[in-house]
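Undergrad: Provided below for reference: sequence and predicted model.
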Amino acid sequence: MSDGGKVFAGSIPENYDRCLVPLIFQSYADDMARRVSAQSPKIVLETACGSGVVTRAMAAVLPPDARYVATDLNQPMLDYAKSRQVGDARVSWRQADALELLFDDASFDVVCCQFGAMFFPDHVNAYREAKRVLKPGGLFVFNVWDRIEENVFADNVTEALAELFPDDPPRFLARIPHGYNDVALIRSDLQAAGFAELDIETKAQQSRASSPRHPAIAYCQGTPLRNEIEGKGTSALEVATDHATKSIAMRHGSGEVCAKIQAHVITAVA
């Protein structure tokens, strides 16, 4: 998980948290926190915690005696997440690879992962690791984005960049965040990892922004799509952000904008 299309560094973590979290992540983080807290867990592991949106949502609903271990492979994202949530003794932070968890067998009541599974180079192995560290009967809950056509602003930005760079369009959004959306494949991967009892729910939400520029900045500058764009030249990032802004405005108007987002929410019992 180390290629340039998956690097969250530089100003990406801050832009990700400031722009993308309220745009597309917060509602699913709140949903995940409700699902996890309903299990009344005493100890929870989060993999691929990113900028900490789920960690913060979970901290608001877990009891005072619960313990929460937040992990991410990407140290800049982990550092940013930790900076947003200081002083909560229940939460500990560890750099960790979801494919090679450095925790004992049967250590956790719940393992959760928000929009991280799409980045795993080996899904079955990652799910096998989640199952290994879960206590018998523990819950693995994660979500992944549905296909990009069901996530309108991401699709708009991808199409806009294809217009701007027709010879070699930046395809990070379609390739990675929206590239692992086949429900049958997800179910098969979980079963191969040893999960027999599982449920997959497709959940649509609305993505809202104060202007077309908000989603343009969010996707162009707050994700590793930025790395692909900046490879096009020194001024490419601003040109791409401007073009994506105009494209979204043409489709949704110049004021407050709203569009569909959709994800699969998966729960599996160890």
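TA: Alright, I've got the coordinates. Residues are numbered from 1 along each chain as shown.

Undergrad: for the protein, which residue is closest to the average position?
TA: Nearest to the geometric centre of the chain sits residue 115, at 2.8 Å (Cα atoms, centre = their mean).

Undergrad: in this structure, which spans are helices?
TA: Assignment of helices within the chain using DSSP state H yields the ranges 12-15, 26-37, 53-59, 75-83, 123-133, 152-164, 172-175, 183-192, 213-221, 225-230, 236-252.

Undergrad: Show me which residues of the last one are buried.
TA: To tie it back to what came earlier, the one meant is helix 236-252. Buried residues in helix 236-252, counted by 16 or more other Cβ atoms under 10 Å: 236, 237, 240, 241, 243, 244, 245, 247, 248, 249, 251, 252. In this view, the C-beta of every residue, glycine as well, is placed from N, C-alpha and C.

Undergrad: what would the residues you listed look like in TSV with distance to residue 37?
TA: Below are the buried residues of helix 236-252 laid out as TSV (distance: Cβ to Cβ, whole Å):
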residue	distance to residue 37
236	43
237	39
240	40
241	38
243	42
244	37
245	38
247	39
248	35
249	39
251	38
252	35
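
Undergrad: what about residue 49, distance to residue 211?
TA: As judged by Cβ to Cβ, to the nearest Å, residue 49 and residue 211 stand 29 Å apart.

Undergrad: neighbours of residue 34, just the number please.
TA: If you count neighbours by other Cβ atoms under 10 Å, residue 34 ends up with 12.

Undergrad: how about the nearest residue to residue 25 once chain neighbours are set aside, what does it touch?
TA: Distances taken as Cβ to Cβ, 6 or more residues apart in numbering put residue 53 closest to residue 25, at 5.1 Å, once the chain neighbours are dropped. Taking Cβ atoms under 8 Å, 6 or more residues apart in numbering, we find residue 53 in contact with 17, 21, 25, 26, 29, 114.

Undergrad: next one: residue 15
TA: 217, 218, 221, 222.

Undergrad: Please apply the same query to residue 213.
TA: So residue 213 contacts 241, 245 (Cβ under 8 Å, 6+ apart).

Undergrad: Dump the buried residues of helix 236-252 to JSON lines, plus distance to residue 130 and pLDDT.
TA: Listed next are these as JSON lines, based on distance: Cβ to Cβ, whole Å; pLDDT from 0 to 100:
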{"residue": "236", "distance to residue 130": "38", "pLDDT": "98"}
{"residue": "237", "distance to residue 130": "36", "pLDDT": "97"}
{"residue": "240", "distance to residue 130": "36", "pLDDT": "98"}
{"residue": "241", "distance to residue 130": "36", "pLDDT": "98"}
{"residue": "243", "distance to residue 130": "40", "pLDDT": "98"}
{"residue": "244", "distance to residue 130": "35", "pLDDT": "98"}
{"residue": "245", "distance to residue 130": "39", "pLDDT": "98"}
{"residue": "247", "distance to residue 130": "38", "pLDDT": "98"}
{"residue": "248", "distance to residue 130": "36", "pLDDT": "98"}
{"residue": "249", "distance to residue 130": "42", "pLDDT": "98"}
{"residue": "251", "distance to residue 130": "38", "pLDDT": "98"}
{"residue": "252", "distance to residue 130": "38", "pLDDT": "98"}
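
Undergrad: quick one: pLDDT of the closest residue to the residue nearest to the centre of the chain other than its chain neighbours?
TA: Distances taken as Cβ to Cβ, 6+ apart put residue 143 closest to residue 115, at 6.1 Å, once the chain neighbours are dropped. Reported pLDDT at residue 143 in the predicted model: 98.

Undergrad: now swap in residue 10 and tell me
TA: 54.

Undergrad: hang on, the earlier thing: now the helices of the chain as a markdown table including distance to residue 268?
TA: As requested, the helices of the chain are exported to a markdown table (distance: least, Cβ to Cβ, whole Å):
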| stretch | distance to residue 268 |
| --- | --- |
| helix 12-15 | 29 |
| helix 26-37 | 12 |
| helix 53-59 | 17 |
| helix 75-83 | 25 |
| helix 123-133 | 8 |
| helix 152-164 | 26 |
| helix 172-175 | 26 |
| helix 183-192 | 5 |
| helix 213-221 | 30 |
| helix 225-230 | 30 |
| helix 236-252 | 36 |
